[in-house]
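1. Everything below, folded, please.
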Amino acid sequence: MMLLQLLVFASAVLAALPPGFIQLPMPPFDIVQGPREEDARDAAINIKKLVHQVTSGTLSSVFPASADDPPHLAPGVKFTHRDENGNEFIPYKPKMEGRPFALPEYHAPCHSAPSLTFLILPISRSSQNILEHPQHYATYTLAEELKKGETSMSSARVALMGNVTLLRDLSEEEETDLAECYLSYHPDARGWLPGKKGSPHFSEWARMDLEKIYYVGGFGE
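-> Numbers count the residues shown, from 1 in each chain. Down below sits the predicted model:
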C-alpha cells in the first residue's frame with residue numbers, strides 16, 4: 001500500500017480547473033487504477049476526482065479549552081447527582097480539551113482549488129471547535145465510493161488538512177453563485193442556506209483552504 005503526503009504538487013494538479021470563482025460539477029469518471037503502482041501524479045488526479053465526486057465526508061476538529069467550562073446553571077442550582085443511598089456527589093466529567101472530534105459533513109468544490117466550500121452552523125460542535133481554535137484548523141476526510149466486490153480498505157481515501165475562513169463580505173452576486181453551486185451538489189441543503197427565511201438554525205458560508213494532503217490509494221497501491 002502506498003502512502004503519499006502531497007503538498008505543492010497535489011495543490012498544483014488540483015488547481016488545474018476551469019478559472020473563476022465557481023467550479024462546475026465534473027462528469028463521473030473512475031479513479032486511476034492499473035497493474036502498475038500509483039505515482040504522485042496519479043494520486044493527485046485521484047484526489048481531484050474524489051473532491052468533485054464524493055461531496056460528503058468526515059469533518060474532524062479538536063475540543064478547545066472552553067469545552068471543559070462548567071455548565072451555565074441558574075443561581076442556586078448545583079450540578080450534582082444522588083446515588084442509590086441518597087448521597088450527593090458530583091458526577092465524573094472527563095477532560096475534553098485536546099480530544100479529537102469527528103462527524104459527517106457536506107462540502108462542495110465551489111471555490112478555486114485547492115479550497116473547499118462549507119456551510120458553517122455555529123450551533124454544531126464541529127463549528128464551535130474549529131472557530132474557537134486560534135488558526136481555525138480542521139481535517140476533512142473523503143473516501144471513494146465502494147463498488148461491488150470492493151472493501152473499504154481497498155478504496156482510495158484522502159485527509160485534507162487546512163484552516164477555515166468565514167465569508168462575511170460576499171457580494172450579493174457571489175452569494176447567489178455560491179448558493180447555486182452548493183445546491184447543485186446538495187439540493188437538500190436549501191433550507192440551511194445563510195439568510196434563508198424559516199431556517200431553524202443560523203448558518204454562514206465558509207472556505208477551507210488546504211495546507212496539507214494525506215492520500216492512501218488502498219491495499220497494493
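2. okay, now residue 97: neighbour count?
-> 11 (other CB atoms under 10 Å). (Glycine included, C-beta is placed from N, CA and C.)
3. Helix, strand, or coil at it?
-> coil (DSSP: H, G, I helix; E, B strand; the rest coil).
4. That one: what's it in contact with?
-> 63-65, 67-68 (CB atoms under 8 Å, 6 or more residues apart in numbering).
5. what is the mean pLDDT for stretch 101-108?
-> On average, the pLDDT along stretch 101-108 is 97.
6. what does that stretch contact?
-> So stretch 101-108 is contacted by 51, 55-63, 116-119, 124-126, 129, 140, 181-182, 184-186, 189, 208 (CB under 8 Å, 6+ apart).
7. Strands of the protein, start to end?
-> 3-6, 56-62, 81-82, 88-89, 100-106, 115-120, 137-143, 157-166, 204-216 (DSSP state E).
8. show me where this structure has helices.
-> 8-14, 40-53, 125-132, 172-185 (DSSP state H).
9. buried set for stretch 111-123?
-> Applying a neighbour-count criterion of 16 or more other CB atoms under 10 Å, one finds 111-121 buried in stretch 111-123.
10. Work out the gap between stretch 201-216 and the centre of the chain.
-> Chain-centre distance of stretch 201-216: 5 Å, with CA atoms, centre = their mean, to the nearest Å.
11. Please save the CA atoms from it in PDB.
-> Taking C-alpha atoms only, stretch 201-216 is exported to PDB below (Å, rounded to 0.1, in the frame of the first residue of the first chain):
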ATOM      1  CA  HIS A 201     -30.500  27.500  12.500                       C
ATOM      2  CA  PHE A 202     -28.200  30.400  11.700                       C
ATOM      3  CA  SER A 203     -25.600  29.500   9.100                       C
ATOM      4  CA  GLU A 204     -22.600  31.100   7.300                       C
ATOM      5  CA  TRP A 205     -20.600  30.400   4.200                       C
ATOM      6  CA  ALA A 206     -17.000  29.300   4.800                       C
ATOM      7  CA  ARG A 207     -14.000  28.300   2.800                       C
ATOM      8  CA  MET A 208     -11.500  25.700   3.800                       C
ATOM      9  CA  ASP A 209      -8.000  26.400   2.400                       C
ATOM     10  CA  LEU A 210      -5.900  23.300   2.200                       C
ATOM     11  CA  GLU A 211      -2.400  23.300   3.600                       C
ATOM     12  CA  LYS A 212      -1.500  19.600   3.600                       C
ATOM     13  CA  ILE A 213      -2.900  16.500   1.900                       C
ATOM     14  CA  TYR A 214      -2.500  12.800   3.000                       C
ATOM     15  CA  TYR A 215      -3.600  10.200   0.500                       C
ATOM     16  CA  VAL A 216      -4.000   6.500   0.700                       C
END
